[in-house]
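**Student:** heads up, no residue letters with this:
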C-alpha cells in the first residue's frame, strides 16, 4: 500500500497553483510532486501528462487570471471579458489590414481566441481534479513501470478541450489518473468513444453498469426478460428503457440492443463457482447448464466500466438470484 502525504506547503496552495494560470508553472508543480511518496516513474508520468495539458497556450494564458469555474454564469462572464480584450488586440493585428474583409479577420481572430481559452479552462479543471486524486490514491498491487504514451496524451487532451460538463470532466480525470499509474489500460479507441459521450448517455451507462458482471475477460448484463423468439425485452424496472439501449449502442458502449442467447454445457465434474465483479461488488456465479441472454459491453464499455462508481440495483439483484436459483451469490 502506498500512502501519499499532503502536498507542501499545503494542499490549498496546489489548488491555487492549478486554477490560476498566472501561477501555473511546471517547476512549481514539480516541487509539489517531490513530496509525494510514489515511485519516480509515476511522478514522471504525472509531469508528462500535466505538461501536455498546460504547455500549448501557456504563454497566452498567463495574462488572464481566473478562478475555479464550476458555474456556467462564471464561465460566460470570463468569456465576455476575453472577448473584450481580444477585440482590442484584434484591431491591432496585421490580419485586420486585409482590404477585402477586415471585419471577417477580426471575427476569426476573436473566435479562435475564445476557443483556445475555453479549451484551456476545460483542461485546467481536469488537471485540478486529477491532482486532487493523487493526494489519496493507492497503487494497485500489479502496477508495472511503464512510460505513458505521448500519442495517447495528445488524443486525451484534444478530447478534454471539448468537454465542459462536470460529470464528463470527473470521468476524464479518473481516466488520466488511472493511465498515469497503469499506462495502456485505456485505449485510444475508448477515448474516441468518449468524444461523442454526453452526461445523458453517461448516466444511463452507469445505470446499466449497476446490473453488470465482469468475469475478468468480458463484461455483460444477464437479461432477465427477453421476449419469446426475440432477444430483446424490457428493462424499465431497472431504469433502462429500450431507447436507452439504442443510445448506448450508438455510443459504442454495448455491442447491440439485442441480447446474445448462449447455452452453457453441464460440467462433468462438480460445478465450480467463478469469481466475478458484480456492479462493483465481489460475487460468484455458476453458469453450467444454463441458457442465458447476455448484453455484451464493447471494449470501450468495459474499460469505462472499471472507472464508474457503481451501486447495485437491489431489485435486479433479487431478480438475478431468483433466476439463477442458488448459482449467483454475493460475497461482500
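**Tutor:** It's in. Fair warning: this is a prediction, and the values are worked out from it, not measured in the lab.

**Student:** for residue 160, grab phi and psi.
**Tutor:** When quoted as degrees, to the nearest 10, the phi and psi of residue 160 stand at phi -60, psi -40.

**Student:** that one: what's it in contact with?
**Tutor:** For residue 160, the contact set (C-beta atoms under 8 Å, 6 or more residues apart in numbering) comprises 53, 119, 122-123, 126, 169, 172. From N, CA and C alone the C-beta is placed, and that goes for glycine too.

**Student:** do you know the pLDDT at it?
**Tutor:** In this model, residue 160 is scored at 94, pLDDT.

**Student:** look up how far residue 329 lies from it.
**Tutor:** 41 Å (C-beta to C-beta, to the nearest Å).

**Student:** can I get the buried part of the contacts of residue 160 as one ChimeraX selection?
**Tutor:** Per 16 or more other C-beta atoms under 10 Å, the buried members of the contacts of residue 160 correspond to this ChimeraX selection:
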select :53,119,122,123,126,169,172
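
**Student:** now tabulate the contacts of residue 160 in TSV and tack on pLDDT and secondary structure.
**Tutor:** Formatted as TSV, these follow (pLDDT from 0 to 100; DSSP: H, G, I helix; E, B strand; the rest coil):
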residue	pLDDT	secondary structure
53	85	helix
119	85	helix
122	89	helix
123	89	helix
126	91	helix
169	90	helix
172	92	helix
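
**Student:** any idea how far residue 193 is from residue 203?
**Tutor:** In terms of C-beta to C-beta, residue 193 sits 16 Å off from residue 203.

**Student:** so which of those two has more stuff around it?
**Tutor:** Taking other C-beta atoms under 10 Å, residue 193 and residue 203 do not tie; residue 193 has more neighbours (19 against 12).

**Student:** the more buried one: what's its closest spatial neighbour, skipping adjacent residues?
**Tutor:** residue 300 (4.0 Å; C-beta to C-beta, 6 or more residues apart in numbering).

**Student:** tell me which element that neighbour is part of?
**Tutor:** helix 299-305 (DSSP states H and E).

**Student:** by contact count, what packs against that helix?
**Tutor:** Judged by 3 or more C-beta pairs under 8 Å, 6 or more residues apart in numbering; DSSP states H and E, the packing partners of helix 299-305 are helix 188-194, helix 199-209, strand 219-222.

**Student:** residue 52: what's it in contact with?
**Tutor:** 150, 153-154, 157.

**Student:** make it 7 Å
**Tutor:** 153, 157 (C-beta atoms under 7 Å, 6 or more residues apart in numbering).

**Student:** where's residue 136 relative to residue 157, distance?
**Tutor:** According to C-beta to C-beta, residue 136 and residue 157 sit 24 Å apart.

**Student:** those two - which one has more neighbours?
**Tutor:** Between residue 136 and residue 157, counted using other C-beta under 10 Å, the more crowded position is residue 157 (22 against 9).

**Student:** how near is that one to residue 124?
**Tutor:** The spacing between residue 157 and residue 124, counted by C-beta to C-beta, is 11 Å.

**Student:** ditto for residue 313
**Tutor:** Distance from residue 313 to residue 124, by C-beta to C-beta: 36 Å.

**Student:** now swap in residue 158 and tell me
**Tutor:** Noted for residue 158: a distance of 15 Å to residue 124, by C-beta to C-beta.

**Student:** ok, those two, which is more surrounded?
**Tutor:** Each of residue 158 and residue 124 has its neighbours counted (other C-beta under 10 Å); residue 124 has more, 22 against 12.

**Student:** any idea which element that one lies in?
**Tutor:** helix 102-133.

**Student:** ok, residue 164 - contacts?
**Tutor:** With C-beta under 7 Å, 6+ apart, residue 164 has these contacts: residue 122.

**Student:** give me the element it is part of.
**Tutor:** Per DSSP H and E, there is no helix or strand for residue 164.

**Student:** so what's the backbone phi/psi at it?
**Tutor:** phi -110, psi -10.

**Student:** helices of this protein, start to end?
**Tutor:** With helices called from DSSP state H, the chain shows them at 11-19, 26-33, 40-54, 58-61, 72-90, 102-133, 150-160, 166-181, 188-194, 199-209, 242-250, 299-305, 314-324.
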